[in-house]
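In: structure for this input, please:
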Amino acid sequence: MSVAEPRRIVLFRHAKADWPQVTDHERPLADRGRKDAAEAGRRLTDSGIPFDLALCSTATRTRETWKLAVQEFPHRPKTVYEERIYEASPGELIAVLNETPDDAQNAVLIGHNPGVQGLADILAGAAEGDARRRMSERGFPAAAFAVLSFSGPWKGLEPGVATLVDYWARRPGRTR
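Out: Have a look, this model is predicted:
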């Protein structure tokens, strides 16, 4: 594998969480969130990206989102649960991604807003098609994801170096 091949990073916001009497870190997914996580997993499978690595926040809702989404994948990537993703700023998320081993060509980061949306905005120096417009109009609702492509080593991931190649979010009011 050559670092000249474009790498892909998917920034995936956790699905809709419930609000029981627990700490924020321990909030589970709501019923709709469980359905949306599986749908997002199907959409990620449809993208055809062969993920080598998943970096997931340790929060209950992100772990549950990933568990449901990855069930839709033909191949389960190595998963690392990373405490630093919870409540992380875009800069902190870049620092986590910069530590990704270079033998990982494609990675998915499952995290939280506002960090995930901020990171997508900061990394995307360019965009294909109408992906940026769709992301700007929709924001980053629960279970949304952005697909970015960049060249070079993971330690070279920095603001503006990536291209936003796709964006997906569940349509409002849509139920399955």
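In: my understanding was that V80 contacts D52; is that so?
Out: No. Counting by CB atoms under 8 Å, D52 is not a contact partner of V80; they are 11.3 Å apart. Every C-beta, even on glycine, is put in place using the N, C-alpha and C of the backbone.
In: so between those two, which is more surrounded?
Out: D52 (19 against 14; other CB atoms under 10 Å).
In: got the buried residues for the stretch of helix or strand S136 belongs to?
Out: Assigned by DSSP states H and E, S136 falls within helix 131-138. Buried positions in helix 131-138, judged by neighbour count with 16 or more other CB atoms under 10 Å: 131-132, 134-135.
In: also stretch 148-166?
Out: 148-150, 154, 157-158, 161-166.
In: then stretch 100-110?
Out: The neighbour-count check on stretch 100-110 (16+ other CB under 10 Å) flags 100, 104-110 as buried.
In: state the phi and psi torsions of the residue lying farthest from the centre of the chain.
Out: What lies farthest from the middle of the chain is Q21; by CA atoms, centre = their mean that is 26.8 Å. Per-residue torsions, Q21: phi -80, psi 70 (degrees, to the nearest 10).
In: spatially nearest residue to P6, not counting backbone neighbours?
Out: Closest residue to P6 apart from its sequence neighbours, by CB to CB, 6 or more residues apart in numbering: S149 at 4.6 Å.
In: contacting residues around the helix holding S136?
Out: Under the criterion CB atoms under 8 Å, 6 or more residues apart in numbering, residues 120, 124, 144, 146, 164-167, 169 lie in contact with helix 131-138.
In: and the average pLDDT for the longest helix seen in the chain is what?
Out: Using DSSP state H, we find that the single longest helix of the chain is helix 31-46. Average pLDDT, helix 31-46: 97.
In: which other helices and strands contact the following helix or strand past that helix?
Out: Scanning forward in sequence from helix 31-46 by DSSP H and E, the next helix or strand is strand 53-57. Counting contacts by 3 or more CB pairs under 8 Å, 6 or more residues apart in numbering; DSSP states H and E, strand 53-57 packs against helix 60-70, strand 78-82, strand 106-111.
In: Serialize those to CSV and add fields for distance to H14 and mean pLDDT.
Out: Formatted as CSV, the helices and strands packed on strand 53-57 follow (distance: least, CB to CB, whole Å; pLDDT from 0 to 100):
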stretch, distance to H14, mean pLDDT
helix 60-70, 4, 98
strand 78-82, 13, 98
strand 106-111, 6, 98
